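Q: Predicted structure and sequence below. I'll ask about it afterward.
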Amino acid sequence: MKKNLDDIFNFQATSDDCVKCGKCIPVCTIHQVNADEVTSPRGFIDLLGQYQAGNLELDKNAKNIFESCFLCTNCVDVCPNSLPTDMVIEEIRADIAEKFGMPLFKKAAFYLLEHRKVMDWVMKFGFMFKTCAFATDEKKGGLLARFRMPMVKKGRLIPSMMKTSFLNSYPENIPAPKQEEKPLRVAIFIGCLANYNYGGIGESLVEILKELNIDIFIPKEQLCCGAPAYFTGAVDSVERMTKANIEYFESFMDECDAMLIPEATCSAMVKHDWQVFFKNHDMPEWETRAKNVAEKIHMATAWLDDNTELQALLKTKGSFDTSVTYHDPCHAKKVQNIYKQPRNLLAPNYPMIEMSDSDRCCGFGGVTMQTEKFHFAEAAGKPKAAMIKETKAHYVSAECSACRVQLSEALNNAEVETIFKNPLELIAEALKK
Ligand code: SF4
Ligand code: SF4
């Protein structure tokens, strides 16, 4: 694919625009766990400029450096010139993938994300045989590795697999209970972790929409949003998944009032990064199509709070004693400015306790960080687990299953009792009161 580097993705121009003020350094997730100038936004930008000027070879050391960024966007948030460090790193990762190739396990993972039917079988198989290698921990909602495996250390908590995915558990159309009230019609884009691992999220969203008397449409042919591939530099995979999804969304979007995504990363990818990807790869027609479909797509709590009577309905329900601390996913607060709405919907029924730094990145960081560079993810998770422990909250909540994977493991590692729940799961529970 031809790249259009004349825009903000001109590494050299980005590097020239960096005034070296250093404001990004204290907030940088990788710099917090690896205090070295080269693994800081200022360092990354400088190296990228040198790479484009031909002064830096893309060798194993450079690969190692550029794969250390968590893509958390903390730096973009504080930079006086709003330099898109995360986006230029996403671009260089495509060059890295081209030069070094993709490890087999990543190729297999992206193949499965593109081929839903094969993935369904692999997950079923995983469900049947999971107890051979893992112990189930119902309370923590995950699996504990019984022994050391490639890239999974003994005792690590990973998400469990469901027997039947969310998309295979429900009919395509679920009519609103009271049709005489001319209900809204809302589609659900579920996200892969909620589809295969965290079944309570989709189930809760369906229950909430039924309570609000909304017609539900579950588009069965939806694919992964492409985020795992995008953050890893697998551009061909991203192109195939995004184009297939856009064509599919266009076929039904006119008949829907909105499409809800109960996941911050998928929502940021679909609403924001798809357009960036097409712009950056010089596909203006697809950029426009991505922009058009994005208009009706929303993160679930944001749409529910802004467009329905859910908050008022929750206020008529009783309160729980169990307290909640809300973690702001980077892809919700920093990319989409969504942080009030989930709190608005939780506060009527749960005592809320703010942690000392709710938008400090949890340290998930993507596929590479969770596998080859897990020591960085582990180090970034520790302060977050300590912060959650300090609140003494019963639940930590975030509308993001990537944060759930990372925080559940960080809490497990630090032996903190707090349990992770998506806000939709807590809201659905409150509606039953
Ligand atoms: S995106 Fe996050 S980890 Fe990467 S350079 Fe910026 S602050 Fe650091
Ligand atoms: S905050 Fe922006 S301008 Fe300042 S050093 Fe960081 S990247 Fe450069």
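A: Perfect, I can see it now. Ligands and ions are numbered 1, 2, ... in the order given.

Q: Measure how buried the residue of the stretch 151-300 of the chain found nearest ligand 2 is and give me the count.
A: Nearest residue of the stretch 151-300 of the chain to ligand 2: Val276, at 18.2 Å (CB to the nearest ligand atom). All C-beta atoms are positioned from the backbone trio N, CA, C, and that covers glycine. By the criterion of other CB atoms under 10 Å, Val276 has 20 neighbours.

Q: ok, it - contacts?
A: With contact taken as CB atoms under 8 Å, 6 or more residues apart in numbering, Val276 is in contact with Met87.

Q: repeat for Ala187
A: By CB under 8 Å, 6+ apart, the neighbours of Ala187 are 216-219, 252-253, 256, 258-260.

Q: which of those has the most neighbours?
A: Leu260 (27 neighbours).

Q: Phi and psi next, for the residue of the stretch 151-300 of the chain closest to ligand 2.
A: The phi/psi pair for Val276 (degrees, to the nearest 10) reads phi -60, psi -40.

Q: Got the confidence number for it?
A: Looking at Val276, its pLDDT reads 91.

Q: Which element, helix or strand, includes the spatially most central residue of the chain?
A: By CA atoms, centre = their mean, the chain has its centre lying nearest to Thr265, at 2.6 Å. For Thr265, the enclosing helix or strand under DSSP states H and E is helix 264-268.

Q: Does anything pack onto that helix? Which helices or strands?
A: Here helix 264-268 touches helix 227-230, strand 297-299, helix 330-336, helix 401-413, going by 3 or more CB pairs under 8 Å, 6 or more residues apart in numbering; DSSP states H and E.

Q: can you tell if it touches ligand 1?
A: No. Interface with ligand 1: helix 264-268 contributes nothing (CB under 6 Å from any ligand atom), its closest point being 13.2 Å away.

Q: mind listing what the closest residue to ligand 2 within the stretch 301-433 of the chain touches?
A: Residue nearest to ligand 2 within the stretch 301-433 of the chain (CB to the nearest ligand atom): Lys334, separated by 14.2 Å. Lys334 sits next to 72-74, 76-77, 359 when contact means CB under 8 Å, 6+ apart.

Q: Now do the same contact list for Asn173.
A: By CB under 8 Å, 6+ apart, the contact list for Asn173 reads 215-218.

Q: so what's Cys28 up against?
A: By CB under 8 Å, 6+ apart, the neighbours of Cys28 are 40-41, 74-75.

Q: what's the pLDDT at the most far-flung residue of the chain relative to its centre?
A: No residue in the chain sits farther from the centre than Glu180, which is 37.3 Å out by CA atoms, centre = their mean. On the pLDDT scale, Glu180 is placed at 83.

Q: got it, and the one 3 residues further on?
A: Note on Pro183: pLDDT of 95.

Q: And for Phe129?
A: 70.

Q: what's around it, how many residues?
A: If we define neighbours as other CB under 10 Å, then Phe129 has 11 of them.

Q: so where's the stretch 51-200 of the chain uncertain?
A: Under the criterion pLDDT under 70, the flagged ranges of the stretch 51-200 of the chain are 150.

Q: show me the contacts for Leu424.
A: 201, 204-205, 208, 262, 300-301, 399.

Q: Distance of it relative to ligand 1?
A: According to CB to the nearest ligand atom, to the nearest Å, Leu424 stands 27 Å off from ligand 1.

Q: Grab the nearest non-local neighbour of that residue.
A: Excluding the flanking residues, the one nearest Leu424 by CB to CB, 6 or more residues apart in numbering is Ser204, at 4.3 Å.

Q: What is the strand or helix carrying that neighbour packed up against?
A: Here Ser204 sits within helix 199-211, counting by DSSP H and E. Counting contacts by 3+ CB pairs under 8 Å, 6+ apart, helix 199-211 packs against strand 173-174, strand 185-188, helix 192-196, strand 215-217, helix 423-431.

Q: and Pro103, which of the ones you listed is closest to it?
A: Closest approach to Pro103 among the helices and strands packed on helix 199-211 (CB to CB): helix 192-196, 19.4 Å.

Q: Return the distance of that closest one from the chain's centre.
A: 11 Å (CA atoms, centre = their mean, to the nearest Å).

Q: Tell me the residues of the protein that contact ligand 1?
A: Contact residues, the chain versus ligand 1 (CB under 6 Å from any ligand atom): 28-30, 41, 44, 69-75, 85-86.

Q: Show the residue spans covered by the helices in the stretch 1-150 of the chain.
A: With DSSP state H, counting those that start in this stretch applied, the stretch 1-150 of the chain shows helices at 11-17, 29-33, 41-52, 60-66, 74-78, 85-100, 104-114, 116-133, listed in chain order.

Q: ugh, typo on my part, it should be the stretch 301-433 of the chain
A: Using DSSP H, counting those that start in this stretch, helices in the stretch 301-433 of the chain cover 310-315, 330-336, 340-346, 367-370, 374-391, 401-413, 423-431.

Q: Deepest in the core, which of those is it.
A: helix 401-413 (a mean of 25; mean count of other CB atoms under 10 Å).

Q: what's in contact with it?
A: For helix 401-413, the surrounding residues in contact (CB under 8 Å, 6+ apart) are 137, 140-142, 144, 156-159, 191, 193-194, 197-198, 201, 263-265, 327, 329, 362-365, 370, 377-378, 381-382, 384-385, 388, 396, 398, 417-418, 420, 422.

Q: where are the low-confidence patches of the stretch 301-433 of the chain?
A: Scanning the stretch 301-433 of the chain for pLDDT under 70 picks out nothing.

Q: Is there proximity between stretch 33-43 and ligand 2?
A: Yes. Judged by CB under 6 Å from any ligand atom, stretch 33-43 and ligand 2 are in contact via 41-42.

Q: sorry, back to before: which of the contacts of Lys334 lies closest to Met151?
A: Using CB to CB, these come closest to Met151 at Cys72, 21.5 Å.

Q: Got the phi and psi for the closest one?
A: Recorded main-chain torsions at Cys72 are phi -80, psi -10, according to degrees, to the nearest 10.

Q: which residue packs closest to it, ignoring adjacent ones?
A: Closest residue to Cys72 apart from its sequence neighbours, by CB to CB, 6+ apart: Cys361 at 3.9 Å.

Q: thinking again about what came up before, reformat the helices and strands packed on helix 199-211 into CSV and put distance to Met151 next to each item.
A: As requested, these are arranged in CSV below (distance: least, CB to CB, whole Å):
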stretch, distance to Met151
strand 173-174, 39
strand 185-188, 32
helix 192-196, 18
strand 215-217, 38
helix 423-431, 29
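
Q: May I see the ones you listed arranged in TSV, with distance to ligand 2 as well?
A: Output for the helices and strands packed on helix 199-211, formatted as TSV (distance: least, CB to the nearest ligand atom, whole Å):
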stretch	distance to ligand 2
strand 173-174	47
strand 185-188	38
helix 192-196	31
strand 215-217	43
helix 423-431	32
